[in-house]
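**Student:** My questions are about this predicted structure, shown below with the sequence.
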There are 2 protein chains.
Amino acid sequence: MNSSKLRIGLDVSGGDKAPGCNLEGAMSAVQQYGNRFDVVLFGDRNIIIPFLGQKGNSHEFEIVHAPEVIEMGDHPVKALQSKAQSSIRVGFEWLKTGKIDAFASAGNSGAVLVGSTSIVGNAEGVLRPCIATFIPRPMGGQNLLLDIGLNVDCKPEHLQQFAYIGTHFLNRVHGNPSPQVGLLNIGHEAGKGNQLARAAFHRLATDETLPFIGNVESRDIFTDRCDVFVTDGFTGNMLLKQAEAVYRVMLKRNLMDEYFARFNYEDYGGTPVLGINKTVILGHGISSSKAIHNMLVEAERMSRSNFCDTLNRTLHHG
Amino acid sequence: MNSSKLRIGLDVSGGDKAPGCNLEGAMSAVQQYGNRFDVVLFGDRNIIIPFLGQKGNSHEFEIVHAPEVIEMGDHPVKALQSKAQSSIRVGFEWLKTGKIDAFASAGNSGAVLVGSTSIVGNAEGVLRPCIATFIPRPMGGQNLLLDIGLNVDCKPEHLQQFAYIGTHFLNRVHGNPSPQVGLLNIGHEAGKGNQLARAAFHRLATDETLPFIGNVESRDIFTDRCDVFVTDGFTGNMLLKQAEAVYRVMLKRNLMDEYFARFNYEDYGGTPVLGINKTVILGHGISSSKAIHNMLVEAERMSRSNFCDTLNRTLHHG
């Protein structure tokens, strides 16, 4: 564990509630963890400085002036190229050159993902970076579901890598000593599923270094049948958004308890982009100040774990 | 509307709670609707007759002796061939030859589906029969999701047909005058999705006779954004089983209200097999007597609607 103070970059302009919630989240995070990390703010200095002053902020933030904004509706690739002074583009440049240790953004997710792969770049040996989400278990603890949308068309070898990336993430970043992997499928029996699932099953089942328990169904993601639920990004995105929608309907109908309350995205602080060379945390577009706070906490945890630097060894040696 | 009395076949041996719940469901259905349909029982006469006598049944059931049982774990194709005296096989033979108007089974779903396509056969013009489920809307009414598992690998033209089959089902069987279709995808914008979704979008969007509203996300299935949610059977199965699992977790945690109570499978009475020449209702393996009762009701509704006979015209003329 690296004990020096980290520098975590925050996209101040990204997200539906930017810049207010972003800056409030940053203030709250440094108030609590200012001895462990600094937050470097990427955004429009002329908006940030008055806001902080108005809020009576007592922390000295480093501000990197990046006045352009990549809007939610912008084309990710084009916007990253044309808006050279945008908070996302500048943040990624600083991350790439090591001027910050991690970067967190709740902005245009396409742009964050393109920046992750094209500016930061894949970790050695990684075919396809991916993103993951936690699904809480009723009995406590949580499962990891991946990919949730970065790779909508997958090959079996991609799913095999997601399995390694997921176990390495749970092990290294979240302290699970022996995470088990299941392949999402329409039934538990071998031979079930579509072409991809059947081919992936064969690949996972014959990989002796992988802690693979076999096929799992979508109903199992609320159980402790395994820890890592592997699927393609199309299926994962479908499941994630359905779970989020059920949570919101329940909230609206005043049906909530301590278990379902754990589906609140704010508590998770965004999704790390897994399989790239640096720590990038992608937040929800509707991120509140609490969510931004937790994104910064997750960025620190991810960065201190040396996940990125140790992933390659895991991919090659199980 | 055909006003003559229908003959609906019931698989007495199929399901985890057979034959007790099946026979109780049959008794309850004919008690209520005995003027509209008779229930023909397929199963072991030596089990059925004592059971009915013991229960003080007052209705005269026609019993078709079919002593063999296709077990839940049996291989569908092999079991249908080798167990010629099984309730499912004999039921399908009776259905095919017109000795019953509809057949309902909560047994081995693979065997029911193979029987549907190989014994009864596809309706004219149908590329792939499919199965569907209802998803209740919080504001009332319900959405149709299909396919939910019969076709795990699909081509765009299959999804296009599911759209027609789904709208025809809602219109003809459930009285929706103008059902709208959405394509399940990871985003609303055109151009989103995996290869299948992108190709299917193009096909649906350029089909002028289809009431297509565009891409929909899995979060939308709890809204009135459209009525028919079209997807491949792998994705649909994933979503269905996740929704069922959430319902069960909520039930277990005593979180229930009038909306979520409508996710109870018992109320739906099974899933019609859509796109074949006759009415077949496939029930849940854990079907209770209430579920069996409702399967028979759904079988009557489906049969009287002339869904099967009118589907071909819809497929060809929109």
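**Tutor:** Great, that's in hand.

**Student:** got the residues of the stretch 201-318 of chain A near chain B?
**Tutor:** Residues of the stretch 201-318 of chain A lying near chain B by CB under 8 Å from any CB of the partner chain: A:217-222, A:231-235, A:237-239, A:241-246, A:248-250, A:252-253, A:255-257, A:259-260. Where C-beta positions appear, they are placed from N, C-alpha and C, glycine not excepted.

**Student:** Confirm A:L41 sits in a strand?
**Tutor:** Yes: counting by DSSP: H, G, I helix; E, B strand; the rest coil, A:L41 is found in a strand.

**Student:** Could you report the neighbour count for A:H65?
**Tutor:** 14 (other CB atoms under 10 Å in any protein chain shown).

**Student:** Next up, the contacts around A:D257.
**Tutor:** With contact taken as CB atoms under 8 Å, 6 or more residues apart in numbering or on different chains, A:D257 is in contact with B:R253, B:L255.

**Student:** okay, it: pLDDT?
**Tutor:** Model confidence at A:D257, given as pLDDT, is 94.

**Student:** before we move on, what about A:M1?
**Tutor:** 46.

**Student:** With the one 4 residues further on instead?
**Tutor:** Among the per-residue scores, A:K5 holds a pLDDT of 95.

**Student:** I figured it hits A:N35, correct?
**Tutor:** Yes: counting by CB atoms under 8 Å, A:K5 touches A:N35, with 7.5 Å between them.

**Student:** Next to chain B, which bits of the stretch 1-150 of chain A? Give me the list.
**Tutor:** A:P138, A:G149.

**Student:** Now do the strands in the stretch 1-150 of chain A.
**Tutor:** With strands called from DSSP state E, counting those that start in this stretch, the stretch 1-150 of chain A shows them at A:6-11, A:37-43, A:62-65, A:102-105, A:130-136, A:142-146.

**Student:** out of everything not next to it in sequence, what's closest to A:R45?
**Tutor:** A:H65 (4.3 Å; CB to CB, 6 or more residues apart in numbering or on different chains).

**Student:** And A:K5 and A:N35? Which one has more around it.
**Tutor:** Set A:K5 next to A:N35 and count neighbours by other CB under 10 Å: A:K5 wins out with 12 against 7.

**Student:** who's in contact with A:Q195?
**Tutor:** Applying CB under 8 Å, 6+ apart, the residues near A:Q195 are B:D153.

**Student:** Quick one: list the elements packing against the longest helix that chain A contains.
**Tutor:** In chain A, with assignment by DSSP state H, the single longest helix is helix A:233-252. Judged by 3 or more CB pairs under 8 Å, 6 or more residues apart in numbering or on different chains; DSSP states H and E, helix A:233-252 is in contact with strand A:130-136, strand A:142-146, strand A:181-184, helix B:233-252.

**Student:** ok, the shortest one near chain B or not?
**Tutor:** Yes: contact between strand A:181-184 and chain B, assessed by CB under 8 Å from any CB, occurs at A:L184.

**Student:** what angle do the next helix or strand after that strand and helix A:233-252 make?
**Tutor:** As assigned by DSSP states H and E, the chain's next helix or strand after strand A:181-184 is helix A:195-205. Angle of helix A:195-205 versus helix A:233-252, following axes from the mean of the first three to the mean of the last three CA atoms, to 10 degrees, is 100 degrees.

**Student:** Looking at the next helix or strand after helix A:195-205 now, give me its mean pLDDT.
**Tutor:** Counting by DSSP H and E, the element after helix A:195-205 in chain order, helix or strand, is strand A:212-216. For strand A:212-216, mean pLDDT rounds to 98.

**Student:** Equivalent analysis for stretch A:132-145, please.
**Tutor:** So the average pLDDT for stretch A:132-145 ends up being 95.

**Student:** in it, what's buried?
**Tutor:** A:A132, A:T133, A:F134, A:I135, A:P136, A:R137, A:P138, A:Q142, A:N143, A:L144, A:L145 (16 or more other CB atoms under 10 Å in any protein chain shown).

**Student:** Kindly report the same for stretch A:211-221.
**Tutor:** Buried residues in stretch A:211-221 (16+ other CB under 10 Å): A:F212, A:I213, A:G214, A:N215, A:V216, A:E217, A:S218, A:R219, A:D220, A:I221.

**Student:** same question, stretch A:21-35
**Tutor:** A:C21, A:N22, A:L23, A:E24, A:G25, A:A26, A:M27, A:S28, A:A29, A:V30, A:Y33.

**Student:** just checking, the first one touches A:S13?
**Tutor:** No: between A:C21 and A:S13 no contact is recorded; they are 11.7 Å apart, counting by CB under 8 Å.

**Student:** Rebuild the strands of the stretch 1-150 of chain A as TSV, extending it with distance to B:S289.
**Tutor:** TSV is the format used below for those (distance: least, CB to CB, whole Å):
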stretch	distance to B:S289
strand A:6-11	58
strand A:37-43	61
strand A:62-65	68
strand A:102-105	55
strand A:130-136	34
strand A:142-146	35
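
**Student:** just to revisit the earlier point, what about dumping the CA coordinates of the longest helix of chain A to PDB?
**Tutor:** Extracted C-alpha coordinates of helix A:233-252, given in PDB (Å, rounded to 0.1, in the frame of the first residue of the first chain):
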ATOM      1  CA  GLY A 233     -22.000  -5.900 -22.500                       C
ATOM      2  CA  PHE A 234     -25.400  -6.000 -24.200                       C
ATOM      3  CA  THR A 235     -26.800  -8.500 -21.700                       C
ATOM      4  CA  GLY A 236     -25.100  -6.900 -18.800                       C
ATOM      5  CA  ASN A 237     -26.500  -3.400 -19.700                       C
ATOM      6  CA  MET A 238     -30.000  -4.900 -20.000                       C
ATOM      7  CA  LEU A 239     -29.800  -6.400 -16.500                       C
ATOM      8  CA  LEU A 240     -28.200  -3.400 -14.900                       C
ATOM      9  CA  LYS A 241     -30.800  -1.000 -16.200                       C
ATOM     10  CA  GLN A 242     -33.700  -3.300 -15.300                       C
ATOM     11  CA  ALA A 243     -32.400  -3.600 -11.700                       C
ATOM     12  CA  GLU A 244     -32.000   0.200 -11.500                       C
ATOM     13  CA  ALA A 245     -35.500   0.700 -12.800                       C
ATOM     14  CA  VAL A 246     -37.000  -1.700 -10.200                       C
ATOM     15  CA  TYR A 247     -35.100   0.200  -7.500                       C
ATOM     16  CA  ARG A 248     -36.500   3.500  -8.700                       C
ATOM     17  CA  VAL A 249     -40.100   2.100  -8.900                       C
ATOM     18  CA  MET A 250     -39.800   0.800  -5.400                       C
ATOM     19  CA  LEU A 251     -38.500   4.100  -4.100                       C
ATOM     20  CA  LYS A 252     -41.300   5.900  -5.700                       C
END
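
**Student:** Run through who's touching the following helix or strand past that helix.
**Tutor:** Scanning forward in sequence from helix A:233-252 by DSSP H and E, the next helix or strand is strand A:271-274. Applying CB under 8 Å, 6+ apart, the contact partners of strand A:271-274 are A:112-113, A:116, A:129-133, A:146, A:148, A:150, A:165-166, A:169, A:173, A:279-283, A:298, A:302, A:307.

**Student:** which residues touch A:Q160?
**Tutor:** A:Q160 is in contact with A:A200, A:R203, A:L204, A:D207, A:L210, counting by CB under 8 Å, 6+ apart.

**Student:** got any ranges where chain A has weak pLDDT?
**Tutor:** Chain A contains residues with pLDDT under 70 at A:1-2, A:317-318.

**Student:** Go through the helices and strands packed on helix A:233-252 and name the closest to A:S288.
**Tutor:** A:S288 sits nearest to strand A:130-136 of all the helices and strands packed on helix A:233-252, at 17.3 Å, using CB to CB.

**Student:** Just the C-alphas of that closest one, formatted as PDB.
**Tutor:** What follows is strand A:130-136, C-alpha atoms only, in PDB (Å, rounded to 0.1, in the frame of the first residue of the first chain):
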ATOM      1  CA  CYS A 130     -14.800  -3.400 -19.600                       C
ATOM      2  CA  ILE A 131     -17.000  -1.900 -16.900                       C
ATOM      3  CA  ALA A 132     -18.700  -3.500 -14.000                       C
ATOM      4  CA  THR A 133     -21.300  -2.900 -11.400                       C
ATOM      5  CA  PHE A 134     -22.000  -4.300  -7.900                       C
ATOM      6  CA  ILE A 135     -25.200  -6.100  -7.200                       C
ATOM      7  CA  PRO A 136     -25.900  -6.400  -3.400                       C
END
